[in-house]
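Student: The following comprises the amino acid sequence and a computationally predicted model.
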Number of protein chains: 2
Amino acid sequence: MAQTVDDIAAHMGLSVTTIRLVLLGKARQYRISRATESRVREYIDEHGYQINHSARSLRLKRTDTLALIIPRLSNHYFAYLAELLERRCRQAGLQLMVACCDDSEENQQALIDNFQQRNVDGVFMVPANAKLAATAARYFDNRLVLLDRDFGMSEYPVVVSDNERAGYELGSKLLEFCFATQRAPSILLLAGNPYMPSIDARTQGIKRAVKEAGLGRKNLQIQTAPRNGFSDGKSAVQDFLRTGHDLPSVLVTSSIPVFEGALDALRAEGRGYSCDQVLATFDDNTMLDFLPNPVCSMRQDCPQMIDLAFAEMQGLMTDHATIRRHVSTLTLVARNM
Amino acid sequence: MAQTVDDIAAHMGLSVTTIRLVLLGKARQYRISRATESRVREYIDEHGYQINHSARSLRLKRTDTLALIIPRLSNHYFAYLAELLERRCRQAGLQLMVACCDDSEENQQALIDNFQQRNVDGVFMVPANAKLAATAARYFDNRLVLLDRDFGMSEYPVVVSDNERAGYELGSKLLEFCFATQRAPSILLLAGNPYMPSIDARTQGIKRAVKEAGLGRKNLQIQTAPRNGFSDGKSAVQDFLRTGHDLPSVLVTSSIPVFEGALDALRAEGRGYSCDQVLATFDDNTMLDFLPNPVCSMRQDCPQMIDLAFAEMQGLMTDHATIRRHVSTLTLVARNM
DNA sequence: ATGAAAGCGCTAACAA
DNA sequence: TTGTTAGCGCTTTCAT
């Protein structure tokens, strides 16, 4: 263990106050004599001093620590959010603790308990459901910012993407492409966990695009899956093919992991899959640029989302700012089309 | 703030010891009367109790917290390591703090200072250089496990992949494929930051494969870049093409971000790039399955690496275990070849 | 079978 | 211009 302020004071025959004022750089400003100040500075330069954060936290009832609860880091979207938020926190002198709940409600509750015990100053979270968000708000005295999923609770600040509009734009673009290239305007949407507001909004957006194009329900087939992972995409495709359906012109997935699982299954099953198959997904990935197919993706503006979320948190930690709902715009990225 | 043990004791007219013994489940085992125990249990069930971790840490000089320092989370390899380690720590009742140093030595030093002040019990890190590893070992009383990069310091436990052998296997496979498909046996290696031991080992492995195949230096061209990011891959390709070289049959990259940058540039520049271009990279990505080219990758065994690393840390935190160097084996994954 | 008290290292209020 | 002290909530040791 490093030296404490008491140690230094004792060794130098001074009081803790004197040492502390020098340490805080308040020496000149307040009252310490030049001589004393430089003596202390020298001693510290030589022997070093590292503050004990546990003690400071106990005293101040503040840990300068924030938490981020996400489903998983192996999903690039969440990893990128985590990277951006970690950097932002660090720049502000705060420590970020990242934890994954694997989309399990029990895990998320356990994490909330844990972060409460560890006295984190505030929490960013991708809520598993509305109830957990409410619990977290109570535990953390409303220093809570919700990310990615909007359960419609106006009591807490939330930062989401405009998923309905994204679905609409994506759907419109895809149908337009079908008409332009003499493809049948038929879409298969693989939706992981339709109970999540973000996934549902995306679905609704696509439905609206189909409807406004004057098309009907046979032009849009929807295959749902319990979650948003690789295996969900895979089994969704398998389930779809098993029913004897032909593959529609366009395949849309609700997230990158679902996209990967779906393509994996498609390539294995074969059945009419080729480079002509139009692919589309929500979220983005550089590798999509390199596929031979026509590929379309809706990219979320992660830097903006994190900026907004962090600003909200800063508001909550200082003045009790107004609670706001931020909706960030997605960008359509089209390749080979 | 939640209730403290003192609060509960005061409210119930008991002493803190009594409350604590019940809380710890040592009531029966020790001496508390059944009546008292159930009274206390009821009270706690009703009013709840969350331990104050700051106070506990101060007293015990132990935070039950570990740190992980990696270059960045937007690289899937590191994100996956982080996810696995976070889960492993959580299962052991420990908190993991993940921080990104962006491959900057100053950032890494700052993070080491920060984690020292926060009294973390141990640190996992991808060292930027040998000196920083030594510093960290001093700061954290040797509770340090190095990951991914082996600077040859036998004093500290380290978990790495067998990069030389991976390079050799990858090189051999690629040359073999060239012969089998009547391609000229020529390789271009794009190596991000050749000063990193892992990258250097990969390079040496490929060199050995070329040599053992009876080929010479004109069969292996190496273009280096300062780091291992997207822009490095991009500029490496641009630099290579600018010198008027033709693109060799095989393009190998030292990491996925370099791969992405390289392909991005290739597709833009055009010059002889097609689906016939053989591609290869270290590290793995599901999307590689979907490229039309012959693609080869060397996949690291992240779960095993994290198991080994965590076991080492547990050793360091209990008995002072022997310092070990773990070398994990990579798996070759070939597509369309 | 239960209680009291010291002390971890820091901060802030109050003395001198 | 500098010093003293209480107390944050917990754990541990020693008394009753």
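Tutor: Now that the structure is in, tell me what you want to look at.
Student: how about the helices of the stretch 51-200 of chain A, start to end?
Tutor: In the stretch 51-200 of chain A, the helices defined using DSSP state H, counting those that start in this stretch lie at A:53-60, A:76-91, A:105-117, A:130-139, A:163-180, A:197-212.
Student: CSV for those, including mean neighbour count?
Tutor: To be clear about C-beta, it is placed using only N, CA and C from the backbone, and glycine gets the same treatment. Output for the helices of the stretch 51-200 of chain A, formatted as CSV (neighbours: other C-beta atoms under 10 Å in any protein chain shown):
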stretch, mean neighbour count
helix A:53-60, 18
helix A:76-91, 22
helix A:105-117, 18
helix A:130-139, 17
helix A:163-180, 21
helix A:197-212, 20
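Student: can you redo those helices as TSV with mean pLDDT and distance to DNA strand C?
Tutor: Output for these, formatted as TSV (pLDDT from 0 to 100; distance: least, C-beta to the nearest atom of the strand, whole Å):
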stretch	mean pLDDT	distance to DNA strand C
helix A:53-60	95	3
helix A:76-91	98	19
helix A:105-117	96	17
helix A:130-139	95	23
helix A:163-180	97	43
helix A:197-212	97	41
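Student: Any chance of a markdown table for the ones you listed, columns distance to residue A:242?
Tutor: Shown next, in a markdown table, are the helices of the stretch 51-200 of chain A (distance: least, C-beta to C-beta, whole Å):
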| stretch | distance to residue A:242 |
| --- | --- |
| helix A:53-60 | 56 |
| helix A:76-91 | 29 |
| helix A:105-117 | 30 |
| helix A:130-139 | 35 |
| helix A:163-180 | 25 |
| helix A:197-212 | 22 |
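Student: now those as TSV including distance to chain B?
Tutor: Output for those, formatted as TSV (distance: least, C-beta to the nearest C-beta, whole Å):
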stretch	distance to chain B
helix A:53-60	4
helix A:76-91	4
helix A:105-117	5
helix A:130-139	9
helix A:163-180	19
helix A:197-212	20
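Student: I'd like to know which of these lies nearest to residue B:211.
Tutor: helix A:76-91 (37.6 Å; C-beta to C-beta).
Student: Dump the closest one to PDB, keeping only the CA atoms.
Tutor: What follows is helix A:76-91, C-alpha atoms only, in PDB (Å, rounded to 0.1, in the frame of the first residue of the first chain):
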ATOM      1  CA  HIS A  76     -20.300  -5.100 -32.000                       C
ATOM      2  CA  TYR A  77     -23.000  -2.500 -31.600                       C
ATOM      3  CA  PHE A  78     -22.900  -2.700 -27.800                       C
ATOM      4  CA  ALA A  79     -19.200  -3.100 -27.800                       C
ATOM      5  CA  TYR A  80     -18.900   0.200 -29.700                       C
ATOM      6  CA  LEU A  81     -21.300   1.900 -27.400                       C
ATOM      7  CA  ALA A  82     -19.300   0.700 -24.500                       C
ATOM      8  CA  GLU A  83     -16.000   1.900 -26.000                       C
ATOM      9  CA  LEU A  84     -17.400   5.300 -26.700                       C
ATOM     10  CA  LEU A  85     -18.900   5.700 -23.200                       C
ATOM     11  CA  GLU A  86     -15.800   4.400 -21.500                       C
ATOM     12  CA  ARG A  87     -13.800   7.000 -23.200                       C
ATOM     13  CA  ARG A  88     -16.200   9.800 -22.500                       C
ATOM     14  CA  CYS A  89     -16.300   8.800 -18.800                       C
ATOM     15  CA  ARG A  90     -12.600   8.600 -18.600                       C
ATOM     16  CA  GLN A  91     -12.200  12.100 -20.000                       C
END
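Student: so what does that helix touch, helix or strand wise?
Tutor: strand A:65-70, strand A:95-100, helix A:302-317, helix B:76-91, strand B:95-100 (3 or more C-beta pairs under 8 Å, 6 or more residues apart in numbering or on different chains; DSSP states H and E).
Student: Make CSV from the ones you listed and add distance to DNA strand D to it.
Tutor: What follows is these, written out as CSV (distance: least, C-beta to the nearest atom of the strand, whole Å):
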stretch, distance to DNA strand D
strand A:65-70, 16
strand A:95-100, 19
helix A:302-317, 19
helix B:76-91, 19
strand B:95-100, 15
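Student: Nearest to residue B:327, out of these?
Tutor: Where the helices and strands packed on helix A:76-91 are weighed against each other on C-beta to C-beta, the nearest is helix B:76-91, at 16.1 Å.
Student: Quick one: work out the angle between the closest one and helix B:302-317.
Tutor: Counting by axes from the mean of the first three to the mean of the last three C-alpha atoms, to 10 degrees, helix B:76-91 points 50 degrees away from the direction of helix B:302-317.
Student: Show which residues not belonging to helix B:76-91 make contact with it.
Tutor: Applying C-beta atoms under 8 Å, 6 or more residues apart in numbering or on different chains, the contact partners of helix B:76-91 are A:72-74, A:76, A:79, A:98-100, B:66, B:68, B:70-73, B:95-96, B:98, B:124, B:126, B:147-148, B:255-256, B:283, B:285, B:300, B:302-303, B:305-307, B:309-310.
Student: if we can go back for a sec, tell me which of the helices of the stretch 51-200 of chain A lies nearest to residue B:131.
Tutor: helix A:76-91 (21.9 Å).
Student: tell me how far the closest one is from the chain's mean position?
Tutor: Distance of helix A:76-91 from its chain centroid, counting by C-alpha atoms, centre = their mean, to the nearest Å, is 8 Å.
Student: wait, residue A:49 sits on residue A:7?
Tutor: No. Using C-beta atoms under 8 Å as the test, residue A:49 is too far from residue A:7 to be in contact (9.2 Å).
Student: Tally up the residues packed near the residue in the stretch 101-250 of chain A that chain B sits nearest to, please.
Tutor: As assessed by C-beta to the nearest C-beta, chain B sits closest to residue A:118 within the stretch 101-250 of chain A, at 4.5 Å. When neighbours are counted by other C-beta atoms under 10 Å in any protein chain shown, residue A:118 registers 23.
Student: Residue A:320 too?
Tutor: Neighbour number of residue A:320 under other C-beta under 10 Å is 9.
Student: Name the SS class of it, please.
Tutor: Here residue A:320 is coil, with the state taken from DSSP: H, G, I helix; E, B strand; the rest coil.
Student: list the contacts for residue A:319?
Tutor: Residue A:319 touches nothing, counting by C-beta under 8 Å, 6+ apart.
Student: what's the answer for residue A:164, then?
Tutor: Residue A:164 sits next to A:201, A:202, A:204, A:205, A:208 when contact means C-beta under 8 Å, 6+ apart.
Student: do that again at 10 Å, thanks
Tutor: Counting by C-beta atoms under 10 Å, 6 or more residues apart in numbering or on different chains, residue A:164 touches A:197, A:198, A:200, A:201, A:202, A:203, A:204, A:205, A:206, A:207, A:208, A:327.
Student: Any figure for the gap between it and residue B:14?
Tutor: Applying C-beta to C-beta, to the nearest Å, the value for residue A:164 to residue B:14 is 57 Å.
Student: Tabulate the CA atom coordinates of stretch A:51-61 in PDB.
Tutor: C-alpha atoms of stretch A:51-61 as PDB (Å, rounded to 0.1, in the frame of the first residue of the first chain):
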ATOM      1  CA  ILE A  51      -5.000   8.700  -3.000                       C
ATOM      2  CA  ASN A  52      -7.000   5.900  -1.500                       C
ATOM      3  CA  HIS A  53     -10.200   5.900  -3.500                       C
ATOM      4  CA  SER A  54     -12.100   3.600  -1.100                       C
ATOM      5  CA  ALA A  55     -11.600   6.000   1.800                       C
ATOM      6  CA  ARG A  56     -12.500   9.000  -0.300                       C
ATOM      7  CA  SER A  57     -15.700   7.300  -1.500                       C
ATOM      8  CA  LEU A  58     -16.700   6.300   1.900                       C
ATOM      9  CA  ARG A  59     -16.300   9.800   3.100                       C
ATOM     10  CA  LEU A  60     -17.900  11.600   0.200                       C
ATOM     11  CA  LYS A  61     -20.600   9.100  -0.500                       C
END
